[in-house]
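Novice: Sequence first, then the predicted structure, then my questions.
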Amino acid sequence: MSTLELHALIDRHRVGRLQRRVLLLCLGVVTLDGIDVAMVSYLGPSLISDWHITKAQLGPVVTSGLLGLALGSLVAGPLADRLGRRKVIIASLVFFGLMSAATALTTGVTGFSVLRVLTGFGLGAALPNATTLVSEYAPARRRSAMMSLAYCGMTLGGAVAGYLTTALVQVASWHWALVAGGALPLAYAVVIAAALPESPKFLARQEGRHAELAALMSRLVPETFPAGTRFVLDEPAVAAKVRVAGLLTRRFRAGTLTIWAGFVAAFFIVYLMNSWLPILMTDVGFSLTAAATIGLLLQAGGTVGNLGIGWLMDRFGLHRTVAAAMGCAAVLLVLVALAPPDVLVIGILIFVLGMFTNTVGTGFPILSADFYPTSIRATGTSWATGIARFGAIAGAAAGTVLVAVGLNYRQVFLALLLPAACCVLAVVLKARSARSIQPEPVAA
């Protein structure tokens, strides 16, 4: 009976049809995440008008979904390492679709916020497992590029949310935007159930699923395998009985903590801008349409940046690329703050800023997937994403405070230089710890 190592087997072949299908399906999952997360920022002006509340009172609406995202990420990773990536993705799509549709029935901030926590819980479970699945199908030389393409769904979804929400609010009301935001993931869950296969590397860790894995590998790579061929993973096992504890063992501790710190700082910036940019731009004196357009340019820039960061990470290295991108983002923050309040000028700068800030947010899950072995990869990636969501909550909440005390957009953008510096420092420390500890190669 022959034995084949999965890493080497996948790495020696080009990206095939099944891998492209997995990438496309997971891109759809991430896009739905992006639509739902961004939708609330576009609904903000309508909620303020309909419920006769202030911008400060809108804060719980903005931050509640992010809390759900954090909790969902923390729970879903360990579940996916036990039950499989596919099952968790399907369950999360159904759950967040139902909760999003139910939010349309609310009549005030409290009910809306509670259901946004539940919606976010489902969203938080979907995103990191979709990107983990992509990483486990990708050959090493294309892993960063494929994961960054999957993450394009976040900014693509944010852009779609702007058009979808604006159209539905103008034609009907904000309630129908939430109904649409719930119907889409419910329909997509059916597609995922029919077309998305389980991770081969997860199957290799499961006793009794060798026949399923053999059938999958015959579709995945253009080779013929003798009957009874065994597929194994040549990577060290994680000794911790509790998977989350494995993230903080001596081997992984420094990398885990620096990934968390850098990811928190990156998401602080991304979500403060995602949540408050349209409102900040209306305060400048721009029309609602112009403010929405600038918000769309932020997401469009992120999409363009995500198309390139994976290739750059594969070519120049993970840590160097992420640190350089955040350094460029810091320069753009200063330029936006110094720019005249002109729609064209600020729009162009926001587009370029989005290229860098959103790609840094994409870079950290790629760092996580590369850093952890299969047995705790979903846990590591999900917990990194979940911890980062608390940075997102802090960013959205900080936006609430900054707007409430009357800071203008120039002061807000200059304040973001502090988390940008923290992010760069974390990435530098992560790179140094990786060189000093020299862990066994575990990327998969």
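Specialist: Nice, I can see it. Numbers count the residues shown, from 1 in each chain.
Novice: Point out where this structure drops to low pLDDT.
Specialist: 1, 235-243, 434-444 (pLDDT under 70).
Novice: biggest helix in it by residues?
Specialist: helix 17-51 (DSSP state H).
Novice: for it, packing partners?
Specialist: helix 59-83, helix 85-103, helix 109-137, helix 143-171, helix 174-195, helix 210-220, helix 253-284, helix 288-316 (3 or more CB pairs under 8 Å, 6 or more residues apart in numbering; DSSP states H and E). C-beta: built from backbone N, CA, C; applies to glycine.
Novice: which parts of it are buried?
Specialist: 18-19, 22-23, 25-48 (16 or more other CB atoms under 10 Å).
Novice: and it with helix 109-137, angle?
Specialist: With axes from the mean of the first three to the mean of the last three CA atoms, to 10 degrees defining the directions, helix 17-51 sits at 170 degrees from helix 109-137.
Novice: in what helix or strand does residue 15 lie?
Specialist: Using DSSP states H and E, residue 15 falls within no helix or strand.
Novice: Was I right to think it contacts residue 142?
Specialist: Yes: counting by CB atoms under 8 Å, residue 15 touches residue 142, with 5.7 Å between them.
Novice: shared neighbours of these two, anything?
Specialist: Counting by CB atoms under 8 Å, 6 or more residues apart in numbering, residue 15 and residue 142 have no shared contacts at all.
Novice: so where do the strands sit in the stretch 301-444 of the chain?
Specialist: Using DSSP state E, counting those that start in this stretch, no strands are found in the stretch 301-444 of the chain.
Novice: What segments of it are helices?
Specialist: Assigned by DSSP state H, counting those that start in this stretch, the helices in the stretch 301-444 of the chain fall at 318-338, 343-371, 374-404, 409-415, 417-437.
Novice: Point out the one among these that comes closest to residue 70.
Specialist: Ranking the helices of the stretch 301-444 of the chain by proximity to residue 70 (CB to CB) places helix 374-404 first, at 3.4 Å.
Novice: how distant is the closest one from the center of its chain?
Specialist: With CA atoms, centre = their mean, to the nearest Å as the basis, helix 374-404 stands 10 Å off its chain's centre.
Novice: which secondary structure elements does it contact?
Specialist: Using 3+ CB pairs under 8 Å, 6+ apart, helix 374-404 sits against helix 59-83, helix 109-137, helix 200-204, helix 243-246, helix 253-284, helix 343-371, helix 409-415.
Novice: Could you check the angle the first one makes with helix 253-284?
Specialist: When the same axes, to 10 degrees is applied, the directions of helix 59-83 and helix 253-284 differ by 150 degrees.
Novice: name the helices or strands packed onto helix 59-83?
Specialist: Looks like helix 59-83 contacts helix 17-51, helix 85-103, helix 109-137, helix 243-246, helix 253-284, helix 374-404 (3+ CB pairs under 8 Å, 6+ apart).
Novice: Show me what the shortest one is packed up against.
Specialist: Read it as helix 243-246. So helix 243-246, by 3+ CB pairs under 8 Å, 6+ apart, packs with helix 59-83, helix 374-404.
Novice: what's the spacing between the most centrally placed residue in the chain and residue 79?
Specialist: Centroid-nearest residue in the chain: residue 127, 5.8 Å away (criterion: CA atoms, centre = their mean). For residue 127, the distance to residue 79 equals 14 Å [CB to CB, to the nearest Å].
Novice: mind checking which of the helices and strands packed on helix 374-404 is nearest residue 103?
Specialist: It's helix 109-137; of the helices and strands packed on helix 374-404, that one is closest to residue 103 (CB to CB) at 4.2 Å.
Novice: Compute the inter-axis angle for the closest one and helix 210-220.
Specialist: Using the same axes, to 10 degrees: helix 109-137 against helix 210-220 is 80 degrees.
Novice: tell me how far helix 109-137 is from the chain's mean position?
Specialist: 9 Å.
Novice: Stretch 71-78 now?
Specialist: On CA atoms, centre = their mean, the centre of stretch 71-78 falls 13 Å from that of its chain.
Novice: One more: stretch 371-382?
Specialist: Using CA atoms, centre = their mean, the offset of stretch 371-382 from its chain centre is 15 Å.
Novice: just stretch 9-28 next, same as before
Specialist: That offset, for stretch 9-28, works out to 19 Å (CA atoms, centre = their mean).
Novice: okay, how far is it across that stretch, tip to tip?
Specialist: Start-to-end span of stretch 9-28 (CA to CA, to the nearest Å) is 27 Å.
Novice: who touches it?
Specialist: Contacts of stretch 9-28 (CB under 8 Å, 6+ apart): 130-131, 133-134, 137-142, 146, 149-150, 152-153, 188, 191-192, 195-197, 200, 217, 219-223, 231.
Novice: Confirm for me that residue 48 is in contact with residue 59.
Specialist: No: in this structure, residue 48 is not within contact of residue 59 by CB under 8 Å, at 11.5 Å.
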